[in-house]
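Asker: next comes the sequence, and after it the predicted model I'd like to discuss.
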Amino acid sequence: QVQLVESGGGSVQAGGALRLPCAAAGYTTSTGCMGWVRQALGKERERVAQTAVYRSTTYADSVKGRFTIAKDNAKGILYLQMNSLKPEDTAMYYCAATRPGDGCYIRPFPYWGRGTQVTVSS
């Protein structure tokens, strides 16, 4: 059974930084595409960052240059480093993954964590 568990969320002032870890159990992080998806109140989900099996990464325009996604395959942890945070980054952030062997073209992700809340105040 695949389990993705996010942590690291919280409240921060604009311009601050947070790092979100996502621990994977029952899933080998080196075998599939993994990403971070956020959803703000009243808005659609947004895939903000993803990393493929061979570590190529892509970002939404809204976070490019501020967020960095990374994987530690030895520890089975996916990270999202968020810098220069803005109030519009306020959302629930979800860690997600594809089935092993699938690429980042898969939409939506089949595996999801429960999310961690990030709140950015101005």
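Answerer: Now that the structure is in, tell me what you want to look at.

Asker: going forward, measure contacts and count neighbours with C-alpha atoms only.
Answerer: Will do.

Asker: where exactly do the helices run in the protein?
Answerer: Assigned by DSSP state H, the helices in the chain number zero.

Asker: find the residue at the geometric middle of it.
Answerer: By CA atoms, centre = their mean, the chain has its centre lying nearest to Trp36, at 2.2 Å.

Asker: the nearest residue to it once chain neighbours are set aside - how many residues pack around it?
Answerer: Counting by CA to CA, 6 or more residues apart in numbering, Trp36 lies nearest to Cys95, which is 4.8 Å off, once chain neighbours are set aside. The criterion is other CA atoms under 10 Å. On that basis, Cys95 has 31 neighbouring residues.

Asker: state the distance from Cys95 to Ser121.
Answerer: Between Cys95 and Ser121 the distance is 23 Å, computed by CA to CA, to the nearest Å.

Asker: on that earlier part again, ok, the residue nearest to the centre of the chain touching Ala96?
Answerer: Yes - with contacts counted by CA atoms under 8 Å, Trp36 reaches Ala96, the gap being 6.1 Å.

Asker: re the thing from before, and the residue nearest to Trp36, what pLDDT?
Answerer: Predicted confidence (pLDDT) at Cys95: the value is 98.

Asker: residue contacts, it?
Answerer: Applying CA atoms under 8 Å, 6 or more residues apart in numbering, we find Cys95 in contact with 4-6, 22, 34-37, 78, 112-115.

Asker: what would these look like in TSV with pLDDT and distance to Thr57?
Answerer: Listed next are these as TSV, based on pLDDT from 0 to 100; distance: CA to CA, whole Å:
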residue	pLDDT	distance to Thr57
Leu4	98	19
Val5	98	21
Glu6	98	19
Cys22	98	17
Met34	98	10
Gly35	98	9
Trp36	98	11
Val37	98	14
Leu78	98	12
Trp112	98	19
Gly113	98	20
Arg114	98	23
Gly115	98	21
